[in-house]
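[1] here is a sequence together with a model predicted from it:
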Amino acid sequence: MTVLLVHGDREYLREPGEELQTDLGVLEVPEDVEPGRTLETHLGEPFEVRALRGPDLFNHLERTGAPMMPRDVGLIVGHTGVARGDRVLDAGTGTGVLSAYLGRLGADVTTYERDPDFAEVARENMDLADVADRVEVRVGDVTEALSEGRETDETGDEDADIGRFDVVTLDTEDAPEVVADAPDLLVRGGFVAVYSPFVEHTRDVVESAREAGLADVETLETIQRRMDFDDRGSRPSTAGVGHTGYLTFARRP
């Protein structure tokens, strides 16, 4: 069990039995370490032991690109209602932040990543998030997997069938093509959620969802601003608009 060692604004990941060496001293992590304890270095500096939670994963997972922001993950969870026992098809794994969050909710996730090196990093991240038993990282293009699934349907090879899912999440350039197949991928009442960095791509996703006969199609731009509080008063921060991207949701009737 990996734990987070916290001293002020410093955070370090360590396994039980490992050693932490910093300018604050040397700290031996006990084999029986538990979250909530306070450990001290040989110089007497205290470190709080914490269990890893979602925001900690976002901060500490090894990155292979820009990970999905927690604000976007929250919208996906809230708008799809993904829950324990759901089957999720994900494409565009990247760092794996979304897959890790969904796995920790209890969903069974099959996620596709085209780059083998990125996929290997994502697998290591799933181990760190303690969801490797729930999140399967596959190397490949999800559209090719869908094509193979259709072929096996025709031959009757059920072992290779990609099956149906409660939720499909996409962060890929070919999302409109996958959305077109959503009626065959989703259980009735299931959701598809697409993250898009560009509005042109978002429009293509919306058109594909409508043409596929999906219901409740809606797109949200994710904007979040911090609040500043000081002696002069309170107002939204002027340090940027806080835009991350566009999320499109749709549902199989």
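    Happy to help now that I have it. Residues are numbered from 1 along each chain as shown.

[2] ok now the strand or helix carrying D90, how far from the chain's centre?
    According to DSSP states H and E, D90 maps onto strand 87-91. In terms of Cα atoms, centre = their mean, to the nearest Å, the centre of strand 87-91 is found 11 Å from the chain centre.

[3] which residues are contacting that strand?
    The contact list for strand 87-91 (Cβ atoms under 8 Å, 6 or more residues apart in numbering) reads 82, 98-99, 102, 107-112, 142, 162-172, 175, 178, 185. From N, CA and C alone the C-beta is placed, and that goes for glycine too.

[4] in its sheet, what does it sit against?
    Here strand 87-91 has these sheet partners by DSSP bridges: strand 108-113 (parallel), strand 165-170 (parallel).

[5] out of the ones you listed, the one nearest T248 is which?
    For T248, the closest of the strands paired with strand 87-91 is strand 165-170, at 9.2 Å, according to Cβ to Cβ.

[6] spatially central residue in the protein, please.
    Note on the chain: the residue nearest the mean C-alpha position is L98, at 0.7 Å, using Cα atoms, centre = their mean.

[7] V73 is in contact with that one, correct?
    Yes - contact between L98 and V73 holds when scored by Cβ atoms under 8 Å: they sit 5.7 Å apart.

[8] compute the mean per-residue pLDDT across the helix or strand hosting V194, please.
    Secondary structure from DSSP H and E places V194 in strand 186-196. The pLDDT scores in strand 186-196 average 97.

[9] for that strand, the distance to its chain's centre please.
    Remark: strand 186-196 is offset 15 Å from the chain centroid, using Cα atoms, centre = their mean.

[10] try stretch 7-16
    Distance of stretch 7-16 from its chain centroid, counting by Cα atoms, centre = their mean, is 22 Å.

[11] tell me the mean pLDDT for it?
    Stretch 7-16 comes out at a mean pLDDT of 95.

[12] CA atoms only for it, dumped as CSV, please.
    What follows is stretch 7-16 as a C-alpha-only set of coordinates in CSV (Å, rounded to 0.1, in the frame of the first residue of the first chain):
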residue,chain,number,x,y,z
HIS,A,7,5.1,18.0,5.7
GLY,A,8,3.7,21.4,5.0
ASP,A,9,3.6,21.8,1.2
ARG,A,10,5.9,18.8,0.6
GLU,A,11,4.5,15.5,-0.4
TYR,A,12,6.3,12.2,-1.0
LEU,A,13,5.0,8.7,-2.1
ARG,A,14,6.5,5.7,-0.2
GLU,A,15,5.8,2.0,0.3
PRO,A,16,5.9,0.4,3.7
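
[13] can you give me the helices for the protein?
    In the chain, the helices defined using DSSP state H lie at 54-60, 70-80, 97-104, 116-128, 142-155, 175-180, 182-185, 199-211.

[14] any chance of those in a markdown table, plus distance to R14?
    A markdown table is the format used below for the helices of the chain (distance: least, Cβ to Cβ, whole Å):
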| stretch | distance to R14 |
| --- | --- |
| helix 54-60 | 11 |
| helix 70-80 | 23 |
| helix 97-104 | 19 |
| helix 116-128 | 12 |
| helix 142-155 | 36 |
| helix 175-180 | 38 |
| helix 182-185 | 41 |
| helix 199-211 | 41 |
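
[15] give me whichever of those is most buried.
    Of all the helices of the chain, helix 97-104 has the most neighbours on average by mean count of other Cβ atoms under 10 Å, namely a mean of 25.

[16] okay then, goodbye and thanks.
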